[in-house]
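Engineer: show me how the following folds:
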Amino acid sequence: MAMSDKLPPTEDERCGTTAGNAAHRRRGERPCEPCRVAKNVRQGDYYQKNRAARLEYASNYADANRDKISEYRRTYHAANRDEVNARNREHRSENRDVVREQERARYAAGGESELERRREYYIANRLVILARNRAWIKSNSDWALAYGRKYRDKNRDVIAERNRNYAAENQESLTESHRNYRAENLGAIGERERERRSRIAEAFAPVAVHSGMPWTAEDDAIVRATYGLSPVIVSAQLRRTPHGIVTHRSELRKLDRNQRRATQ
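Structural biologist: Next up is the predicted model:
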């Protein structure tokens, strides 16, 4: 029977106690406010008093019925996929910091076993995960780009170290992969490089006021001292085009080689 279908409460001397609440229930009545409060207080006290025992029981039950619970969850999720996913997305959106902290704590507590579990899951579902990630990034491109820049700025040294270690451990495979990619996409790579140089030249054209002017000894010294820097940076300093810096670097290297050979 719904609460709205029950009779109005009849007050007596027991109102405000759990006995009064039980009397209302036996008579098919809605509980009065004092009885409702008394019942809630008693239940809260009982829960707090037996909280440890209830948690231990729940933990033991979960350990004893792990397979059964997992199967039930999979079945329920398959039958209510859209509803569950929507509820999970709403929960994560409203509790983003709490959820992340819980995931970090679970990952730290799991250690190697958690890392191995995630690795196995990724290997088994790699294509599905990649497709889902690409779809999400495409629909949230602005947020993803902003987050990526923020993460790279905050972890620049860690990322560089990780990339160096990976390159050192996989040098042969990376070299072979790059060689195959260039062989299969030579035309596209050349076109992309020409477009990149054109965009750089256009961007620095207003700055390059010294283009066409003779190179001075001071300019040569700066170019020699900045061989390791990007030509874009040097071009901004000397107010020339990046293409001009690259060409003059090549000329200076050739000149220096000839001078060394002459002195040997």
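Engineer: for Gln264, give its distance to Val234.
Structural biologist: Note on Gln264: its distance to Val234, by Cβ to Cβ, to the nearest Å, is 30 Å. C-beta coordinates here come from the backbone N, C-alpha and C atoms, glycine included.
Engineer: between those two, point out the one with more neighbours.
Structural biologist: The neighbour comparison of Gln264 against Val234 (other Cβ atoms under 10 Å) goes to Val234, with 22 against 5.
Engineer: what's the helix or strand for that one?
Structural biologist: Assigned by DSSP states H and E, Val234 belongs to helix 231-238.
Engineer: just the CA atoms of that helix, as PDB, please.
Structural biologist: Extracted in PDB, the C-alpha atoms of helix 231-238 (Å, rounded to 0.1, in the frame of the first residue of the first chain):
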ATOM      1  CA  PRO A 231      65.900  28.600 -37.700                       C
ATOM      2  CA  VAL A 232      62.600  30.300 -36.800                       C
ATOM      3  CA  ILE A 233      64.100  31.500 -33.500                       C
ATOM      4  CA  VAL A 234      67.300  32.800 -35.200                       C
ATOM      5  CA  SER A 235      65.300  34.400 -38.000                       C
ATOM      6  CA  ALA A 236      63.300  36.400 -35.500                       C
ATOM      7  CA  GLN A 237      66.600  37.600 -33.800                       C
ATOM      8  CA  LEU A 238      68.300  38.600 -37.100                       C
END
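Engineer: next secondary structure element downstream of the helix or strand hosting Ser173?
Structural biologist: Ser173 belongs to helix 171-184 when assigned by DSSP H and E. Heading C-terminal from helix 171-184, the first helix or strand you meet, by DSSP H and E, is helix 186-204.
Engineer: confidence score at Asn50?
Structural biologist: For Asn50, the pLDDT comes out at 89.
Engineer: same deal with Arg89?
Structural biologist: With respect to pLDDT, Arg89 scores 88.
Engineer: give me the contact list for the helix or strand harbouring it.
Structural biologist: Secondary structure from DSSP H and E places Arg89 in helix 81-94. The set of residues external to helix 81-94 that reach it, using Cβ atoms under 8 Å, 6 or more residues apart in numbering, is 76-77, 99.
Engineer: picking up where we left off before, dump the helix holding Ser173 to PDB, keeping only the CA atoms.
Structural biologist: Written as PDB, here are the backbone C-alpha positions of helix 171-184 (Å, rounded to 0.1, in the frame of the first residue of the first chain):
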ATOM      1  CA  GLN A 171      65.600   2.400 -31.500                       C
ATOM      2  CA  GLU A 172      65.600  -0.300 -34.200                       C
ATOM      3  CA  SER A 173      61.800  -0.600 -34.400                       C
ATOM      4  CA  LEU A 174      61.400   3.200 -34.500                       C
ATOM      5  CA  THR A 175      64.000   3.500 -37.300                       C
ATOM      6  CA  GLU A 176      62.300   0.800 -39.300                       C
ATOM      7  CA  SER A 177      58.800   2.300 -38.600                       C
ATOM      8  CA  HIS A 178      60.000   5.800 -39.700                       C
ATOM      9  CA  ARG A 179      61.600   4.400 -42.800                       C
ATOM     10  CA  ASN A 180      58.500   2.500 -43.800                       C
ATOM     11  CA  TYR A 181      56.300   5.500 -43.200                       C
ATOM     12  CA  ARG A 182      58.500   7.800 -45.300                       C
ATOM     13  CA  ALA A 183      58.600   5.300 -48.100                       C
ATOM     14  CA  GLU A 184      54.800   4.900 -48.100                       C
END
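Engineer: where do the helices of this protein begin and end?
Structural biologist: Using DSSP state H, the helices of the chain run over 18-26, 33-49, 51-64, 66-79, 81-94, 96-124, 126-139, 141-154, 156-169, 171-184, 186-204, 217-225, 231-238, 242-263.
Engineer: ok, of those helices, where does mean pLDDT dip lowest?
Structural biologist: Among these, helix 186-204 scores lowest, at a mean of 80.
Engineer: burial of Cys35, as a residue count?
Structural biologist: Close neighbours of Cys35, defined as other Cβ under 10 Å, add up to 25.
Engineer: surely it meets Asn21?
Structural biologist: Yes. Cys35 is within contact range of Asn21, at 4.0 Å (criterion: Cβ atoms under 8 Å).
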